[in-house]
Structure formats: C-alpha cells, structure tokens
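>>> I would like the atomic coordinates for the input below:
(chains A, B and C)
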Amino acid sequence: MLLGPSLTVSLILFSIGVAGVLIRRNAIIVFMCIELMLNAVNLSFIALAQQLGREGQVIVFFVMAVAAAEATVGLAIMIAIYRHKNSLNVTELNLLRG
Amino acid sequence: MPASVGWVWLVIVLPFLGFLVNGTLSFVRPDAKRVVSAVGVGVLALSFVVALVVTGGVVAHPPHGHPYVLTLWSWMPAGSLQIDAALQVDQLSTVMMLVVTGISTLIHIFSIGYMREDPGYPRYFAYLNLFVFFMLILVLGASFPVMFVGWEGVGLCSYLLIGFWYENKPFADAGKKAFIMNRIGDFGFLVAMFMIFHATGSLSFVTVFEEAPQLFAVGGTTITLITLALFMGCTGKSAQIPLFTWLPDAMAGPTPVSALIHAATMVTAGVYLVARANVLFAMAPVSSLVVAATGAATALFAATIAVKQWDIKKVLAYSTISQLGYMFMGVGVGAYAAGIFHLTTHAFFKALLFLGSGSVIHALHHAFHATHRHDDAQDMRNMGGLRRYMPWTAALMWIATLAIAGVPGFSGFFSKDEILAMTFARGQEAGVFYVLWIVGAVAALLTAFYMTRMMLYTFHGPTRTGEEEERHLHEAPWVMTGPLLFLGIGSVVAGVLNLPAVLPGSGWLHHFLEPVTEGSTAYLPEFHLASATEWALLGLATLIAAAGILGAWNFLKPALLQPASLATPESGLQRILLRKWYVDEIYDALVIRPIMWLSERTFWKVVDVGVIDGVLVNGSAKTARAVGWIGSRLQSGRVATYVFFFVLGSILVLRALLR
Amino acid sequence: MTHVEIVFWITAVVAIASAFLCITRRSPVASALWLVSTMFALAVMFLLLDAHFIAAMQVLVYAGAIMVLFLFVIMLLNVGRASSSDMVGWVGRLVMAAIAVVLAAELWVLSRAGPSADVRLGAESVSQLAAEQGAVGMIGESLFRVFLVPFEITSVLLLAAIVGAVVLAKRRL
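Alright, predicted model coming up:
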C-alpha cells in the first residue's frame, strides 16, 4: 500500500513548487515550478487511481495535454514579453498596477 | 347571446383604427385634411351603425338577469385574481354606447368645420378618436378594472385635448389641473376596487353585483366605505364638489372637445358608474344620501356661479357641473333610470349649446382676426345681437336653452322633472329629501335665469362687437350647423324616451333599464306619487322655468351692457360670484401653497439636496471611490504579490475546509 | 519492507531532493535539469503505482517534449546565466518557506482524512484491468468511450495552443 506515502510525497513536491513560485523572480523558473506543482498533483491522482479505478489515470492524461498546451502558449508569451521589456523578471512586469 | 351582440367589439375597435390612422398621418402627412376627416368621421359613423345593430339585438332579445358578456381574452390571471378583457352588453351599456357614438359622430362632423384652419388637425382627430375608444371601453367594460382602463384613458385624452394648444401655458396648465384633480378621484376608485376584491374575491360586474346581497349587510360599514370611495372617483371625473374646479378651466380646449368630453360623455362617467353599481349604492343608504346631497349642493352652487360669468363657455361649464349635480341627485335618491335619462337628454342639449357657442366663438374669432383686434372672442360683453348674423345658430341654441331650462315639451323638462319628482317622493321617508328637492328647484330657477341671460347677451340687443367687425360676422358653414340641427331635434324629442307616469306611453326608458336596476329595488322604497301630486309638480316645474326665463327677460337689459374693454369692475356679491366664490383661491391657499411650501422647503432643499443627493448619491459615490482607492493600492501590478496573496488565500480556505 | 517499497522511497527521496534543488539553483538551465530529474523519479513512481502508460507519457511528454521546450526558450532568450536578482532576499525566503510549510501541513492533514466513502468508483483494481486489457487498452477504452468528448475538446485545445503560440511568438505574421 503506497497510497499514504505517495500522497505525502505529492504534497511535499507541491509545497516545494509553491515555495519556488514565491521565491523566484525569473518567469521561466516560476513557470517550471508550476509544472512541478502539476506533476505533484498528477502523482496523487495516480496513487488514488490505484485504489479507486482507472479514471484517475485518464485525468492525468488530460492534465498532461493541458500542461503541454499551457507550456506552449506560456513560453510564447514569455518570448513576446522578453522582446518587449528585455527582461523576464516578474517584479518588473507591473503594467496592471492600479 | 344574439349574433348581432357578438359584433360589439367592432364598436370599440373602429375608433381605435381611426386613432392609429390619424395618429400616423399627424406625423407623416399633417396636411392630408380630407383623408383625416374622412377617416375620423367615417370610423365613428360606422361605429354608430354597429352600435345600432347591437342595440337592435338587445332590444329584440333583452337579457334578463344575466347581461351578455363577451369575453375577449384572459387579461390578468393571477391566482384568485382572474380578470378577463370582457365586454358587457346590457340595457344600460347599450344606452351609453348609443349616446357616446351618436353624439361623437355629430361632434366629429362639427369639428371638420371648427378646426379647419388648425395646424394640428390630424392630431386633433387622432386624440378625439382615441377618446371615443376609451369612452366605449369605459361604458362597455364588464369589470371594474376594464372600466378603469377606459376611465383612465378618457382622463388621458381629456388632458391631451384640454392642452391641445399647449404652446399657450395657461392652456397646458389647465390640462395638468384636470389630470391631477382626476388622480385624486381615481385614488378613491382604486381603493374601492381593492376593497371590493377583498370582500368579494372578484371584480367582474356580474359576480360582484350578484354576490353583494349575500356578502354585505345593508347599510354596513364595508359597503358604505366601498360606495363612498367609488363616489370619490365620481366627484373627480364628473366634477362634483369638492373636485369640480378643473372643469371650468378645461374650457381651454377646443370647443367641440368641451362639447364632447366635458359636457356630453366623459364627465357623465361618474353617473354611469353609480348607475352601474346601483346594487351597491342601494345597499348603502348613507352613501346614497351623500351622493344625492353632493349632487344637489353642486347643482345649486355651480348655478350661482354661472349667473355672473361673462365667458360664454364658462357659463356652459358651470351649467354642466350643475346639471351633473342633478344627475347625481337622481342616482343618489335611487332613481337610476331618471339619472341616465337626464344624462341622455343633457348630452343632446348641452352638446348643442357648446357647439352653438363654438359657432359663435368661431364667427367672432374670424371677425376679430379679419380686423386684427385682440379682444376676447368668448366674452359675451363683446357679442350681442348675433341672431341677425347667425339665425340658425341662434334658433337652435334657443331650443337647447328651453330644453335645459325645463320648458314643457322639451326633453330637459321631463328628465329634470323626473329627478325632482323622485326626490320629492322620497320625502315621505325622510324630511331631508324635501330639502334636497327645494335646493334642486332653486337651482332649476337659476338655470332658467342664467341660460336666458346667456342667450340675451349673446344673440339679442345691440351688437357690441364693433362696426368694422360686424361686416365679417356670418353664419357657420353647413358642416357645423348640420350637426346642430340633429342635436336640436334630439333636444326636443329625447323626452319621449321616458315620459312622466301621468302621461300615456310613459317610462319607456325606465322599463328598458329595469333588468339592470332590479337588483337594487329590494333596498329602495317604492316611488309612488299620487297623480294629483305629480301634476302639481309638473305645473310647479313649468312655473319655475317660466319664472327664470321671464325674470331674466325683464330684469336684464342687454342694451345697457358695455363691451368687455369698457366694462366697470363688479363689486360685492357680484364680484364674489364672478370670481367663483373664490374656490380656486381657497384651494390654492389651503392645499397647493402648503404642498408647494413643504415640497420646496422640506423635500427639495432638505430631503432631495441634502439626503438623496448629498448622503445617498454623492455619499455612495464617495464611499465607492474611497474603497476603490484602497483596492487600487492593492493592485500593485506585480505578479509576485498577487501570487503571494493567492497562496495566502488558499491557505486560509484550506484551513476553513479542515475545520 | 518489500523491494517495491524500497524502490519507492529511494525515488521519493530523489524526487524531493531534485525538486528542492530545482527551486534553489540560480541558473535556469540547472533548475530545468533538476526538474527533469524530478520528472524521471515521478515516472518511476507511476510505474510502481500500476500506471505504466502514464509513466511512459511522463517521460515522453513531460521530461521529453515540455522540458526540451523550456530549455529551448532559455537558450533562445539567452537567459541561461545566473543572475543575482532572480531570488528574493533571506527574509523573504524564510517567510515563503514558512508559508510552504504551513501549506504542506494543511495538505498533510487533508491527506490523512483519506477519500470520502462516496468517491469509490471502479470495482476492479487497476492492476487487474491492466492485466486483462493491457495498460494502454485500459486507458484507451475509458478515453474513447466515457471521455470521448473531453478528448476531442483537448485536441481542439492543442490546436488553439499551436495557433496561439505562433501568433504570440512570431514577430510579423
């Protein structure tokens, strides 16, 4: 029975991802941390699927597809931003300031 | 239901079609006067023909007990409130329908001549057609709400037509005055409807009147309040004390409008309402007495004012109020058929008088216009001797005058006498009815007097119009005198509808209306007058009329009258009468000024400016701006900050979930 | 302790350590490579959890395609050098770490609660299904029967992402 340990590993990885998002300023690394969080969630899906049925694995399949799409568009946006500001530092991206 | 009665909806739809066509034309082709006249009069004439057909059906197969109700569609199905758009055809609505369509047709024809040169010609006919449409809804509606639609609709048209020449501020103000005073009455009507629905659970005439005897105690509080509230609506619409002051001002509208709306049809709606709800009123003796007393008081009060007016239309306006008072006296004492009878005859002779005065004003207006004088074309002091120039108008107006004065043989004699006789008959029951009878008789004397005065000053004696102007005075065109002729015939012969009991062939209208009024007979004493008494009353009525006419003829000297511009101001009682007992001024001081003061000092300066604008509107805007400023500080635009707060928020949400 | 569990714990340590290194390395290239390491470790864990097909997809799509894309972008934009402004200061790091720990604690409490009784779906276990239909067949049947419409929508999403990426990244269309 690996469900409990898997969930623990999953939540540790997820928290590391969150910490990464919070402490890093480079947009690409922030983005990688988001991928890390997605992977952590995938792990808990897979672990639960072992007990509860194959639907968990199907969900992971979809998460991967969406993550691929997200990575494509997200990295394209980064390229556009870099061209515009010559930087990927998230603290400098403050066009939305109220 | 006879097949012909099923066509009654057409009577209503035709004027509405006319309104649509003329209303459209007033925007796209304001100059197409021929088309407008043809449509405006044509739909009314057709409507009158259909009304005759429907009447034929009712006469051939009179409904007994249950009137014919034509349900068109379900209008307000809301729980226990079920109101159908339905028309009720019975003897009473038939009579009203004929009066409305018949008189309207004649007045529409008259208007072709009277309004010929007005730039708002199509608009005028559109309004007039719309008025007839609503008036027919009012008299044909099968329930209180449907009637109320017509009731409000005629009020709207009245407002539109009084203020027809809206560029002139006093005229527009007169329209507003009529509208607002009518709202006060409508409030009573609405309250009455709510109470009726609360008590009976229905608003259709058939149900309410059939169930009323089981639901209400005779003379009980509920029924008294309901009928008093209904009568409050009547005082507004029919210009009775205390809500009568709008009607004289309503003379600001074109004269045919005064004839149609403010004499023959709309203002009689209150009488119709009381007659329609005769069961309710008969069950509430107190309310009925209030109705009768108000009517008698109004009849006398308005007659005293009419004695001293110089404006020919004002005389007729106060005369109308006075005659409406008679009608209410009739329906108040329980003589519903007599009230409707006087309504019918009055429609003929008062429409004739107004249209005749319209001809006179038309002629004077043209004369003044031709010589570029700016005198008042409605002031009788500027008239005099007009019978030489307008023989037809003079003769026909004399017929109407004799009718309204109550000269035997003319229609007004029979209808007015019947009301007075019925009141006298009730005197055996309570002395107060004798008082009402005396008031009515005095008012009749005054009526004969002021009508003769009006005729003397207008058509007899020397001409005060001015030498230059006299050459421009001439009789109105046939399109205006023609309708007068028909109305003149009606004024003479309408009396045969309901002859007094002592004459052969008596009481036809009374018997015709019996199915409508039979519900109330159980609560009313039987009117019975000895034959001798009735003859005596007839004789007395004749004497009163003769005294009024001869008194005016002997005491008033048209030859001594000065034109309006040279006249000396009146003093004493004459001045009080001329100023209409200062009722307008009293209302102004007691009602309007306090309300204006309260509105300006409290509601405007304090409530509106301070509370609503200051605290609520600007205050909420300032609050929103302050909150928004705080919010905008949070929007640093830095993604990292957003993420930080997002994660913090997620932690808090998770914490709440884990509880 | 069975050898499955032994392998599991080894990979778990590798995954956590790689993830930690991923977020602490200054160089983006190093971070990306440590992330790849995490993903490989996760792929092994998927194998141990009877998700063979997903494990293969993890290697192919994530560790392969997506991470290669990341590296491409890092190289393309020439942001591979470590920069001092990339990380928040020491105080910030401590605060953020504390937040992450609190989050982990909360999630741990949540994971102790276990799934609620009404989410049990399939009667047969995944390993049994995989034995009957094969790892791919098991996923494929579910994907093309029950989740057909989401599957098709996903393909549209990917198409949209391709078009969007081209529109965003190309200087002039």
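>>> how deep is the nearest residue to B:G507 once chain neighbours are set aside tucked in, by neighbour count?
Leaving out its chain neighbours, the residue that sits closest to B:G507 by C-beta to C-beta, 6 or more residues apart in numbering or on different chains is B:N498, at 5.9 Å. Every C-beta, even on glycine, is put in place using the N, C-alpha and C of the backbone. Residues lying near B:N498 (other C-beta atoms under 10 Å in any protein chain shown) number 26.
>>> ok, for the most centrally placed residue in chain C, nearest residue in space, not its chain neighbours?
Centroid-nearest residue in chain C: C:M39, 6.2 Å away (criterion: C-alpha atoms, centre = their mean). Nearest non-adjacent residue to C:M39, counting by C-beta to C-beta, 6+ apart: C:A63, 4.2 Å away.
>>> Just give me the longest helix of chain C.
Using DSSP state H, we find that the single longest helix of chain C is helix C:90-113.
>>> Could you do chain A as well?
helix A:55-85.
>>> So that helix, near chain B or not?
No. Applying C-beta under 8 Å from any C-beta of the partner chain, one finds helix A:55-85 separated from chain B by no less than 11.0 Å.
>>> swap in stretch C:100-114?
Yes. For stretch C:100-114 and chain B, the contact criterion (C-beta under 8 Å from any C-beta) is met by C:V102, C:L103, C:E106, C:L107, C:V109, C:L110.
>>> just to confirm, which helix or strand has the residue nearest to the centre of chain C in it?
helix C:28-48 (DSSP states H and E).
>>> Then B:I305?
helix B:285-306.
>>> what pLDDT does whichever residue of chain A sits closest to chain C get?
Residue nearest to chain C within chain A: A:G53 (2.6 Å; C-beta to the nearest C-beta). With respect to pLDDT, A:G53 has a value of 80.
>>> and it, backbone torsions?
The phi/psi pair for A:G53 (degrees, to the nearest 10) reads phi 120, psi 170.
>>> Now do the least confident helix or strand in chain C by mean pLDDT: which elements does it pack against?
None of the helices or strands of chain C scores lower by mean pLDDT, DSSP states H and E than helix C:126-133, at a mean of 79. Contacts defined by 3 or more C-beta pairs under 8 Å, 6 or more residues apart in numbering or on different chains; DSSP states H and E place helix C:126-133 against helix A:27-52, helix C:135-145.
>>> Report the distance from the longest one to the chain centre.
Going back to what we said before, that points to helix A:27-52. Counting by C-alpha atoms, centre = their mean, to the nearest Å, helix A:27-52 is centred 7 Å from the centre of its parent chain.
>>> Equivalent analysis for the shortest one, please.
Centroid separation for helix C:135-145 versus its chain: 21 Å, with C-alpha atoms, centre = their mean.
>>> Now that helix: buried residues?
C:A135, C:M138, C:I139, C:S142, C:L143 (16 or more other C-beta atoms under 10 Å in any protein chain shown).
>>> what residues are up against A:L96?
Contacts for A:L96 were tallied using C-beta atoms under 8 Å, 6 or more residues apart in numbering or on different chains; they are B:Q635, B:G637.
>>> State whether A:S87 is indeed within a strand.
No. Per DSSP: H, G, I helix; E, B strand; the rest coil, A:S87 lies outside any strand segment and is coil.
>>> That one: neighbouring residues, count only.
Counted with other C-beta under 10 Å, A:S87 comes out at 18.
>>> next one: the one 10 residues further on
A count of neighbours around A:R97, defined by other C-beta under 10 Å, yields 10.
>>> got a pLDDT number for the residue nearest to it when sequence neighbours are not counted?
Spatial nearest neighbour of A:R97, chain neighbours left out: B:G637 (3.0 Å); criterion: C-beta to C-beta, 6+ apart. We have a pLDDT of 76 for B:G637.
>>> next one: the one 4 residues further on
pLDDT, B:T641: 82.
>>> Quick check: which element contains it?
Counting by DSSP H and E, B:T641 is part of helix B:639-658.
>>> So which residues make contact with that helix?
A:18, A:21-22, A:25, A:90-91, A:93, C:99, C:102-103, C:106-107, C:109-110.
>>> try stretch B:67-77
By C-beta under 8 Å, 6+ apart, stretch B:67-77 touches B:1-2, B:5-6, B:8-9, B:58, B:82-90, B:93, B:142, B:145-146, B:204-206, B:515-516.
>>> now stretch B:214-231
B:188-189, B:191-192, B:195-196, B:199-200, B:212, B:270, B:273-274, B:277, B:280-281, B:283-288, B:290-291, B:294, B:523.
>>> can you rerun that using 7 Å?
B:188-189, B:191-192, B:195-196, B:199-200, B:273, B:277, B:280-281, B:283-287, B:290-291, B:523 (C-beta atoms under 7 Å, 6 or more residues apart in numbering or on different chains).
>>> Same check on stretch B:309-318?
Residues contacting stretch B:309-318 (C-beta under 7 Å, 6+ apart): B:247-248, B:251, B:255, B:258, B:262, B:302, B:305-306, B:353-354, B:357, B:360, B:378-381, B:450, B:454, B:458, B:564.
>>> These in helices, which ones?
B:247-248, B:255, B:258, B:302, B:305-306, B:353-354, B:357, B:360, B:450, B:454, B:458.
>>> before we move on, the earlier item: mind giving me the ChimeraX command for buried ones among the contacts of stretch B:309-318?
If you want just the buried ones from the contacts of stretch B:309-318 in ChimeraX, going by 16+ other C-beta under 10 Å, the selection is:
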select /B:247,248,251,255,258,262,302,305,306,353,354,357,360,378,379,380,381,450,454,458,564
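>>> Which residues of chain B lie near chain C?
By C-beta under 7 Å from any C-beta of the partner chain, the residues of chain B that approach chain C are B:V647, B:I651, B:L654, B:R655, B:L658.
>>> Tabulate those residues (TSV), appending pLDDT and neighbour count.
Shown next, in TSV, are these (pLDDT from 0 to 100; neighbours: other C-beta atoms under 10 Å in any protein chain shown):
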residue	pLDDT	neighbour count
B:V647	91	19
B:I651	91	18
B:L654	88	16
B:R655	88	12
B:L658	80	11
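>>> what ranges of chain A fall below the confidence cut-off?
Filtered on pLDDT under 70, chain A yields the residue ranges A:98.
>>> now with 80?
Residue ranges of chain A with pLDDT under 80: A:1, A:90-98.
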